[in-house]
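# need coordinates for the below:
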Amino acid sequence: MSAEKMTRDDKVKNLECLFTWDVDKDDINDLKGIPEKLLDRVKYCPRRYHATYFNILAFVSHLQGRNHTALEYLAKSEAVLKEEKQDEADFLVTYSSFAWLHHYLGNMKYMETYLGKVKRVGEGGETAVEAEKGWSFLRMGAKLYPRAKESFQKALEAKPDSVSYNVGYAIVLYRLEELVRKDVNNMPKDSPAARQLQRALNLDPTDAEVMVLLALKLQGFDSSKCRELISKALTVCPDVPHVTRNAGRYFRRDSSIVEALKILEEAVKRAPNSSFLYHQMGQCHWQEVVTMKKSGKWRADSAQVKAAITESIRNFIKTIELKPSNTYAWVHLAIAYAENRQLEDAKAIFTKLLSDDSLSDTERQHCHNKYGSFLRHQMKSNTQAVDQFKMAYRIRIDSRDRQEA
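Alright, predicted model coming up:
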């Protein structure tokens with residue numbers, strides 16, 4: 001290998017972009033579904049975020065072997081940055097992505113051009129890079145959330161009042177808290193996510209996504225403020241899928257099932273391939289089943305009960321067709337099967353899930369807990385149920401599943 005080639009390869013390795021940030025295919029929960037989600041965000045979100053979305057789309061396209069498409073997305077990213085008259089530092093990740101991809105494709109002339117542009121940006125782009133890391137990791141799935149949190153923290157150390165950085169940090173804190181599935185009765189004052197969401201909303205009172213996430217964190221503690229936030233969010237962004245889906249989730253948690261389904265059914269017309277929306281609708285119909293059980297008017301063979309169970313199963317199946325990696329949807333489907341006396345189908349799902357080495361500790365804890373409940377109540381096997389509860393408890397994550405085990 002020539003000295004010139006070694007120097008060139010070293011320059012490429014030191015570039016700041018998704019291609020060099022040690023992101024593996026296995027780190028991305030839903031590689032197939034990411035393009036549609038991001039293109040939805042390009043359609044509905046503020047233009048200041050579009051360059052980041054195009055950079056992620058370029059990286060995902062490369063992972064899928066579509067390098068020509070990747071170059072097209074990078075060109076769109078560069079065009080947006082120029083149109084928005086962004087600071088030079090904001091171009092660094094896009095230029096680095098171009099240089100890396102041209103090097104990969106053997107387009108040395110173009111690679112040198114973009115290496116030159118990276119050099120001209122020079123020093124001082126560290127904060128913009130950390131922010132880009134934060135948004136990129138946030139949009140690619142749960143395994144990368146801790147890295148997103150760390151990157152936003154670094155960016156905020158340099159620019160504590162940046163609207164974008166505060167919003168990103170708030171969203172990743174919210175998602176990390178949701179992953180742990182802590183007791184819903186935790187006070188908002190004990191939630192870093194709730195405090196950060198409020199700070200982000202103070203900095204940008206028009207951010208509808210932050211409004212609905214804050215309403216979800218405050219739910220059960222400040223009904224008046226929650227309703228005000230949801231109402232304002234739906235007024236500001238009545239047609240934005242990631243806003244309406246969380247509004248639907250709020251109403252489901254509030255036991256306003258008719259209102260929730262109305263919002264979710266309208267949202268799914270605009271985003272027909274959203275696994276999240278189908279999952280929420282499935283949970284709405286399942287809540288109807290639970291409500292009927294608690295009412296004392298439960299009859300397993302009634303048309304109303306059968307219809308609610310059937311709709312739950314249909315929506316959970318659709319969810320996992322669109323996103324096979326959704327462990328919680330698989331568990332919900334197993335529970336619905338059990339209620340429908342499809343016991344072998346339910347057992348097969350739990351067995352399959354618990355043999356999956358890729359499950360996170362939180363997901364595995366959840367599966368052990370719910371499998372234990374299934375074995376105890378449907379299969380009448382207390383000994384096996386206790387074994388599952390013990391395995392859930394031994395996973396040292398402070399969650400509702402551990403408290404129930």
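# closest to the centroid, which residue in the protein?
residue 141 (5.5 Å; C-alpha atoms, centre = their mean).
# that one touches residue 32, doesn't it?
No: contact criterion C-beta atoms under 8 Å: residue 141 and residue 32 do not qualify, at 11.9 Å. For glycine as for every other residue, the C-beta is placed from the backbone atoms N, C-alpha and C.
# next, count neighbours for residue 361.
11 (other C-beta atoms under 10 Å).
# next, the contact list for it, please.
Taking C-beta atoms under 8 Å, 6 or more residues apart in numbering, we find residue 361 in contact with 395, 397.
# show me where pLDDT drops low in this protein?
1-8, 181-186, 297-298, 300-301, 399, 402-405 (pLDDT under 70).
# any idea how far residue 342 is from residue 309?
In this structure, residue 309 and residue 342 are 10 Å apart, going by C-beta to C-beta, to the nearest Å.
# ok, residue 34 next?
32 Å.
# more neighbours, the two?
Between residue 34 and residue 342, counted using other C-beta under 10 Å, residue 34 has the larger neighbour count: 21 against 17.
# the more buried one contacts residue 140, doesn't it?
Yes: under the criterion of C-beta under 8 Å, residue 34 makes contact with residue 140 at 6.7 Å.
# list residues touching both of those two?
Contacts common to residue 34 and residue 140, judged by C-beta under 8 Å, 6+ apart, are 28, 56.
# if we can go back for a sec, please list all residues in contact with the residue nearest to the centre of the chain.
Residue 141 neighbours (C-beta under 8 Å, 6+ apart): 27, 28, 29, 30.
# quick check, nearest of the residues you listed to residue 378?
Top of the list for closeness to residue 378, among the contacts of residue 141 and by C-beta to C-beta, is residue 29 at 29.5 Å.
# so what's that closest one closest to, chain neighbours aside?
residue 141 (3.4 Å; C-beta to C-beta, 6 or more residues apart in numbering).
# now residue 378
Per C-beta to C-beta, 6+ apart, closest to residue 378 is residue 338, 4.7 Å.
# for that neighbour, give me phi and psi.
Residue 338 adopts backbone torsions of phi -60, psi -40, taken as degrees, to the nearest 10.
# doesn't residue 348 make contact with it?
No: using C-beta under 8 Å, residue 338 is not in contact with residue 348, being 11.4 Å away.
# looking at these two, which one has more neighbours?
Neighbour count, other C-beta under 10 Å: between residue 338 and residue 348, residue 338 has more, with 21 against 13.
# next, the distance between the ends of stretch 150-166.
End-to-end distance for stretch 150-166: 13 Å, by C-alpha to C-alpha, to the nearest Å.
# distance from that stretch to the middle of the chain?
A distance of 20 Å separates the centroid of the chain from that of stretch 150-166, by C-alpha atoms, centre = their mean, to the nearest Å.
# residues touching residue 230, list them.
211, 212, 215, 247, 250, 251.
# quick one: the first one and residue 295, what's the gap?
Between residue 211 and residue 295 the distance is 33 Å, computed by C-beta to C-beta.
# among these two, which residue is more densely surrounded?
residue 211 (28 against 8).
# the nearest residue to the more buried one once chain neighbours are set aside sits in which helix or strand?
In space, and not counting its chain neighbours, residue 211 is closest to residue 233: 4.0 Å by C-beta to C-beta, 6+ apart. Using DSSP states H and E, residue 233 sits in helix 223-236.
# what residues of that helix count as buried?
Within helix 223-236, the residues that qualify as buried are 226, 229, 230, 232, 233, 234, counting by 16 or more other C-beta atoms under 10 Å.
# nearest to residue 52, of the residues you listed?
Among these, and counting by C-beta to C-beta, the member closest to residue 52 is residue 233, at 22.4 Å.
# for that closest one, what are its contacts?
Counting by C-beta under 8 Å, 6+ apart, residue 233 has contacts 208, 209, 211, 212, 215, 243, 247.
# next: residue 12.
Residues in contact with residue 12 (C-beta under 8 Å, 6+ apart) are 20, 99, 100, 103, 111, 115.
# angles on the backbone of it, please.
Main-chain torsions, residue 12, degrees, to the nearest 10: phi -70, psi -40.
# state the distance from it to residue 188.
46 Å.
# what about the closest residue to residue 327 other than its chain neighbours, how many neighbours?
With sequence-adjacent residues excluded and distances taken as C-beta to C-beta, 6+ apart, residue 327 is closest to residue 363, at 4.3 Å. Residues lying near residue 363 (other C-beta under 10 Å) number 23.
# swap in residue 158?
13.
# look up phi and psi at it.
phi -80, psi -40.
# do residue 395 as well
According to degrees, to the nearest 10, residue 395 has phi -80, psi 110.
# how many neighbours does it have?
19.
# tell me the contacts of it?
361, 364, 365, 368, 402.
# got CSV for those, with distance to residue 53 too?
Formatted as CSV, those follow (distance: C-beta to C-beta, whole Å):
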residue, distance to residue 53
361, 30
364, 32
365, 33
368, 37
402, 36
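# and those residues as JSON lines, adding secondary structure?
JSON lines is the format used below for the contacts of residue 395 (DSSP: H, G, I helix; E, B strand; the rest coil):
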{"residue": "361", "secondary structure": "helix"}
{"residue": "364", "secondary structure": "helix"}
{"residue": "365", "secondary structure": "helix"}
{"residue": "368", "secondary structure": "helix"}
{"residue": "402", "secondary structure": "helix"}
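# mind checking how far residue 48 is from residue 69?
Residue 48 is 23 Å from residue 69, where distance means C-beta to C-beta.
# how about residue 367?
The separation that residue 367 has from residue 69, given C-beta to C-beta, amounts to 37 Å.
# so for those two, which sits in the more crowded spot?
residue 367 (26 against 16).
# check whether that one really touches residue 327, as I assumed.
Yes: here residue 367 reaches residue 327: they are 6.9 Å apart, a contact under C-beta under 8 Å.
# overlap in contacts, the two.
The contact sets of residue 367 and residue 327 overlap at 353, 359 (C-beta under 8 Å, 6+ apart).
# next step: the contacts of residue 230 restricted to strands.
Of the contacts of residue 230, none are assigned to strands by DSSP state E.
# hmm, which of those are the buried ones?
Counted by 16+ other C-beta under 10 Å, the contacts of residue 230 give 211, 212, 215, 247, 250, 251 as buried.
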